[in-house]
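> I would like the atomic coordinates for the input below:
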Amino acid sequence: MELQDPKMNGDLPVGAVGYRQEHEGFLPSHNPAPGRKPTEFMDFEGKTSFGMSVFNLSNAIMGSGILGLAYAMAHTGVIFFLILLLCIALLSSYSIHLLLTCAGVVGIRAYEQLGQRALGPVGKVVAAMVICLHNVGAMSSYLFIIKSELPLVIGTFLNMEPERGWFLNGNLLIIMVSVLIILPLALMRHLGYLGYTSGLSLTCMLFFLISVIYKFHISCDVGHNETATESKSPPVLPSQGLNRSCEAQMFIVDSQMFYTVPIMAFAFVCHPEVLPIYTELCRPSKHRMQAVANVSIGAMFCMYALTATFGYLTFYSSVEAEMLHMYSQKDLLILCVRLAVLLAVTLTVPVVLFPIRRALQQLLFPSKAFSWPRHVAIAVILLILVNVLVIYVPTIRDIFGVIGSTSAPSLIFILPSVFYLRIVPSEVEPLSSLPKIQALCFGVLGVLFMVVSLGFMVFNWATGRSHVSGH
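Now for the predicted structure:
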């Protein structure tokens, strides 16, 4: 795994040597510079194949954000949406390039450790808190899906309307699921075996995409939760929305668009998982891992584009931020999709909770030995917090919007650019060099993205326009 560069003669600074070594192949583990601790990028030799690494990173990218992409298209138009989605995919790939370059310079494999190397202890705290915020948002989105879909599934089996039984109350059901299923799994000390659920999650989302394409024949005149074949009354056009006809819009700009771009950003966040996957990659190199990232992002772009396009062309402007809720309760195929998605998100919540607890323990109790009371207390507090958020936040769109406007630009744009500017030696790339100017512009773009999106969302909430689309 060691590649020696005969041109390394000590003329460059230590950081510059590391930068050169990464571009030549991989970090060496022998003959370090005098007085320098040997750089080790990996704790063990990676054995994961290229294909399996693509599968793992695709699972890290894929999430509940896919359910909101048709809503995003409804408020941007087909062409504008696809352009924005492509731009975010390309920017996400460039962001991973920055992370891999920084990792090659300093030889570490964790997002928080890059933060510490770039900005000291404050950087580690900021990176850990942003990751915690993003994972809390992901947990909230998963529980919101349970809240909205589980009553429909149970009501279908019992042939009851969701409003007719206390046991069909969504808020009560998420508390029950959290206590009876999620909490016991989250209390386990090691959740490694739950990694198998990542394959289940991706399979469920593929099933969801196939079902959306198959149900494309549904009439756009259909109202909420009713298919054309089930409706016995004359079709009624949606009473709310931008487009009241069955005509697809190509370009739309409205106040709701500032929810939709964060939804797209939220759907591409995978950056905290990139470096761990890099360490496990067989024959690791920066170019090989960048190829893994590009293939994964490209595959998810195609999946997202198809889901959004067919979902939007099915329901047009009446589509909701949680698209599954648009389909009939009585449709057997959609019932199977709901069950699959519910199973996937329920089993994924403990996996998402685990890194939050680990980050909090490292920040608050870095020198403390493992303690079961603390282990349990953190899990219980996190679940209580997330349940409260899901109960009182009116729609999943708000969760996607807020998290996509804060943690997503931080993880994709701001932090990688800051890491690059601080870690890559100025002797190799001066601040006036093109790569660092690009990184600086990239970070500024992320700050503008965050400020504008949050500003418009706050404005919508303050003026009462957040419900203009009926969600």
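
> any weak-confidence spans in the chain?
1-46, 64, 161-165, 190-199, 217-246, 255-256, 258-259, 396-397, 400, 464-471 (pLDDT under 70).

> in it, which residue is closest to the centre?
Closest to where the C-alpha atoms of the chain average out (CA atoms, centre = their mean) is residue 269, at 3.9 Å.

> Check the secondary structure at that one for me.
For residue 269, the secondary-structure state derived from DSSP: H, G, I helix; E, B strand; the rest coil is coil.

> residues contacting it?
61, 92, 134, 407, 408, 411, 412 (CB atoms under 8 Å, 6 or more residues apart in numbering). Every C-beta, even on glycine, is put in place using the N, C-alpha and C of the backbone.

> for the third one, what are its contacts?
For residue 134, the contacting residues are 269, 272, 403, 407, 408, 411, by CB under 8 Å, 6+ apart.

> same check, this time on the fifth one
For residue 408, the contacting residues are 134, 262, 265, 266, 268, 269, by CB under 8 Å, 6+ apart.

> Could you export those residues as CSV, including distance to residue 157?
Written out in CSV, the entries for the contacts of residue 408 read as follows (distance: CB to CB, whole Å):
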residue, distance to residue 157
134, 34
262, 35
265, 37
266, 32
268, 36
269, 35
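
> from the residues you listed, which is closest to residue 342?
Using CB to CB, the shortest approach to residue 342 within these belongs to residue 266, at 20.2 Å.

> wait, isn't the closest one in contact with residue 137?
Yes - because the distance of 7.5 Å satisfies CB atoms under 8 Å, residue 266 is recorded as touching residue 137.

> Return the distance of the residue nearest to the centre of the chain relative to residue 410.
Using CB to CB, to the nearest Å, one gets 10 Å for the distance from residue 269 to residue 410.

> rewinding a little: which one among the contacts of residue 134 gets closest to residue 184?
Using CB to CB, residue 272 comes nearest to residue 184 of the contacts of residue 134, at 25.4 Å.

> which SSE is that closest one in?
Secondary structure here is read from DSSP states H and E; on that basis residue 272 sits in helix 271-280.

> Which strands or helices does the helix or strand following that helix pack on?
Secondary structure here is assigned by DSSP H and E; on that basis, the next helix or strand after helix 271-280 toward the C-terminus is helix 286-315. Packed against helix 286-315, as judged by 3 or more CB pairs under 8 Å, 6 or more residues apart in numbering; DSSP states H and E, are the following elements: helix 50-61, helix 69-74, helix 78-106, helix 197-214, helix 271-280.

> I'd like the next helix or strand past helix 286-315.
Where DSSP H and E defines the elements, the next helix or strand beyond helix 286-315 is helix 332-364.

> could you check the angle helix 332-364 makes with the next helix or strand after that following helix?
Next in sequence after helix 332-364, counting helices and strands by DSSP H and E, comes helix 372-392. Direction vectors for helix 372-392 and helix 332-364, defined by axes from the mean of the first three to the mean of the last three CA atoms, to 10 degrees, enclose an angle of 130 degrees.

> For helix 372-392, buried residues please.
Of the residues in helix 372-392, those with enough neighbours to count as buried (16 or more other CB atoms under 10 Å) are 374, 375, 378, 379, 382, 383, 386, 387, 389, 390.

> Let me know whether the second one touches residue 353 as I believe.
Which is residue 375. No - look at residue 375 against residue 353 with CB under 8 Å: they stay out of range, at 11.5 Å.

> re the thing from before, farthest-separated two in the contacts of residue 269?
Taking every pair in the contacts of residue 269 and measuring CB to CB, the maximum separation is 14.8 Å, between 61 and 407.

> thinking again about what came up before, which one of the contacts of residue 269 is nearest to residue 296?
Comparing those against residue 296 with CB to CB picks out residue 61 as the nearest, at 6.1 Å.

> The closest one - nearest residue in space that isn't next to it in sequence?
Distance criterion CB to CB, 6 or more residues apart in numbering; nearest residue to residue 61, sequence neighbours excluded, is residue 270 at 4.3 Å.

> Could you give the number of residues near the one you found?
When neighbours are defined as other CB atoms under 10 Å, residue 270 has 25 of them.

> Go through the chain and flag its longest helix.
Taking DSSP state H as the assignment, the helix of the chain that covers the most residues is helix 121-158.

> quick check: angle from it to helix 332-364?
150 degrees.

> Which strands and helices lie in contact with the helix or strand following helix 121-158?
Of the helices and strands lying after helix 121-158 in sequence (DSSP H and E), the nearest is helix 170-177. Contacting helix 170-177 under the criterion 3+ CB pairs under 8 Å, 6+ apart are the following elements: helix 121-158, helix 372-392.

> of all these, which lies closest to residue 279?
Between the helices and strands packed on helix 170-177, helix 121-158 lies closest to residue 279; by CB to CB that is 17.3 Å.

> What is the burial count for the residue nearest to residue 334 when sequence neighbours are not counted?
Leaving aside its chain neighbours, residue 334 sits nearest to residue 327 (4.2 Å; criterion: CB to CB, 6+ apart). Residues near residue 327, counting by other CB under 10 Å, number 25.

> cool, residue 55 as well?
Using other CB under 10 Å, residue 55 has 18 neighbouring residues.

> returning to that earlier point: quick check: the residue nearest to the centre of the chain vs residue 376, distance?
Counting by CB to CB, the separation of residue 269 from residue 376 is 28 Å.

> Ok, residue 370 next?
Taking CB to CB as the criterion, residue 370 is separated from residue 376 by 12 Å.

> Over to residue 418?
35 Å.

> Please apply the same query to residue 62.
Distance from residue 62 to residue 376, counting by CB to CB: 30 Å.

> what do you get for residue 314?
To residue 376, residue 314 is 45 Å away according to CB to CB.
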